[in-house]
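K.L.:
predicted model and sequence follow; I will ask about them next.
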Amino acid sequence: MACKLVETLEKVFKNVNGVSQIEGKYDEEAVRNCPMCGGILEFETTDAQGYRMLSPCQGQFALRRIRLYNNALVPARFMHATFEAYNLGRLSEKAGVEMFMREVKRYARGASGFLLEGGPGTGKTHLLCAAIRYMTLELGVPCVYVDYSDLLGDIRAAYSKNISETDVIEPLVRAPVLFLDELGKGRDKRNDFEIRIINDIINRRYKNPDLTTYFASNYRDRDTSGYNNYKAAGYGTPAWDDYAQKRWKSERFSSKDAFDRYVEVVMNQEYIEDRISDSTVSRIMEMANRLYINAPDCRRSAGKF
Ligand SMILES: [Zn+2]
């Protein structure tokens, strides 16, 4: 038998000032007459030593999970983001995202996070918000979502209102699971202020092995993009030509020329490392599994130049 609150609970999603909030509606009359808790959402039990104690009813847990979701500050645009609603069908490679979903569902304290990389429109924010929904409502884990570029704006606004930077950053440092979206989308490239803020948050979270951090970025990292490989293979030196001649077929390009043009793009792109410090990027790599979400045709069109 379940608490009447759980039996009659309906979760109504609302946009409150741009933030997705759940209003929990339930049959108040039925809850007042709940045979489990009589509407106080606690019931009396007797422990092994014969002491009587109050335990929270399932209804109380259900309301707590709704509060966790509301405190996570999911953007209203992603109010309906769930794993089920994510369109796996348009991905050229599904396995990575499926693994991401599996790992979220079996989250335990101290689990590694993820760094989702991929261009705009690949559904990274959808995946982050769906993960928050699952973790708060199904697992009861406190989560916080923050958009990196909004955060920088909030900190600047805090200065002008005499609110300390610490008050803005502290909840992000402490959150058991932090979702940091739009990593690297600062106003300026390698701006000192922005680098200091992000270093502070990441380093302090890194030091506490109980914390999990999920990141998403439109920028790629130099390692999984192939940049580091091509550089090591001598890109920009006379050795390169020989390497490219041997490699283009196994890298599935139509000609050496197409491969060269593809690599030229890779070598001249802006990376996460260009946006935040190298040391912070290496911390992130230790904290999170990297997952590149491949937009349809991305690789093929790059090879077609
Ligand atoms: Zn009850």
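P.N.:
All right, it came through fine.

K.L.:
domains of the chain?
P.N.:
Recorded structural domains for the chain (assignment: automatic domain parsing) are 4-65, 73-219, 227-266.

K.L.:
what comes up buried for the last one?
P.N.:
Of the residues in domain 227-266, those buried by neighbour count under the rule 16 or more other C-beta atoms under 10 Å are 227, 230, 233, 235, 240, 243-244, 247-248, 253, 258-260, 262-263, 266. C-beta here means a position set from N, CA and C on the backbone, and glycine is covered the same way.

K.L.:
what about that domain, start to end distance?
P.N.:
The stretch domain 227-266 measures 6 Å between its terminal residues, going by C-alpha to C-alpha, to the nearest Å.

K.L.:
could you pull up the mean pLDDT of it?
P.N.:
Mean pLDDT, domain 227-266: 93.

K.L.:
from the buried residues of domain 227-266, which is closest to the ion?
P.N.:
residue 227 (57.3 Å; C-beta to the ion).

K.L.:
just to check, that closest one is in contact with residue 271?
P.N.:
Yes: the pair residue 227 and residue 271 qualifies as a contact (C-beta atoms under 8 Å) at a distance of 6.7 Å.

K.L.:
which parts of the protein sit against the ion?
P.N.:
For the chain, the contact set with the ion under C-beta under 5 Å from the ion comprises 3, 34, 36, 37, 57, 59.

K.L.:
let's see 6 Å
P.N.:
Residues of the chain lying close to the ion (C-beta under 6 Å from the ion) are 3, 4, 5, 34, 36, 37, 41, 57, 59.

K.L.:
pipe these into a markdown table and attach pLDDT, neighbour count and distance to residue 114 per row.
P.N.:
Shown next, in a markdown table, are the residues of the chain next to the ion (pLDDT from 0 to 100; neighbours: other C-beta atoms under 10 Å; distance: C-beta to C-beta, whole Å):
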| residue | pLDDT | neighbour count | distance to residue 114 |
| --- | --- | --- | --- |
| 3 | 91 | 25 | 35 |
| 4 | 94 | 25 | 38 |
| 5 | 95 | 25 | 34 |
| 34 | 92 | 23 | 40 |
| 36 | 87 | 19 | 39 |
| 37 | 89 | 22 | 39 |
| 41 | 90 | 20 | 35 |
| 57 | 89 | 24 | 35 |
| 59 | 93 | 26 | 33 |
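
K.L.:
tell me which two of those sit farthest apart.
P.N.:
Using C-beta to C-beta, these span at most 10.2 Å, a distance reached by 4 and 41.

K.L.:
anything in contact with each of those two?
P.N.:
residue 59 (C-beta atoms under 8 Å, 6 or more residues apart in numbering).

K.L.:
contact partners for residue 93?
P.N.:
residue 294.

K.L.:
so it belongs to a strand, correct?
P.N.:
No: counting by DSSP: H, G, I helix; E, B strand; the rest coil, residue 93 is not found in a strand; it is coil.

K.L.:
would you quantify the distance from it to the ion?
P.N.:
Taking C-beta to the ion, to the nearest Å as the measure, residue 93 falls 46 Å from the ion.

K.L.:
ok, residue 280 next?
P.N.:
47 Å.

K.L.:
who touches residue 126 in this structure?
P.N.:
78, 81, 85, 86.

K.L.:
mind doing that once more with 7 Å?
P.N.:
If you count contacts by C-beta atoms under 7 Å, 6 or more residues apart in numbering, residue 126 has them with 78, 81, 86.

K.L.:
closest to the ion out of these?
P.N.:
For these, the nearest to the ion is residue 81 (30.4 Å; C-beta to the ion).

K.L.:
show me the contacts for that closest one.
P.N.:
With C-beta under 7 Å, 6+ apart, residue 81 has these contacts: 126, 129, 130, 133.

K.L.:
ok, those residues vs the ion, which is closest?
P.N.:
The closest of the contacts of residue 81, once distances to the ion are taken by C-beta to the ion, is residue 133, at 24.4 Å.

K.L.:
spatially nearest residue to that closest one, not counting backbone neighbours?
P.N.:
Nearest in space to residue 133, with sequence neighbours left out and distances taken as C-beta to C-beta, 6 or more residues apart in numbering, is residue 82 at 6.1 Å.
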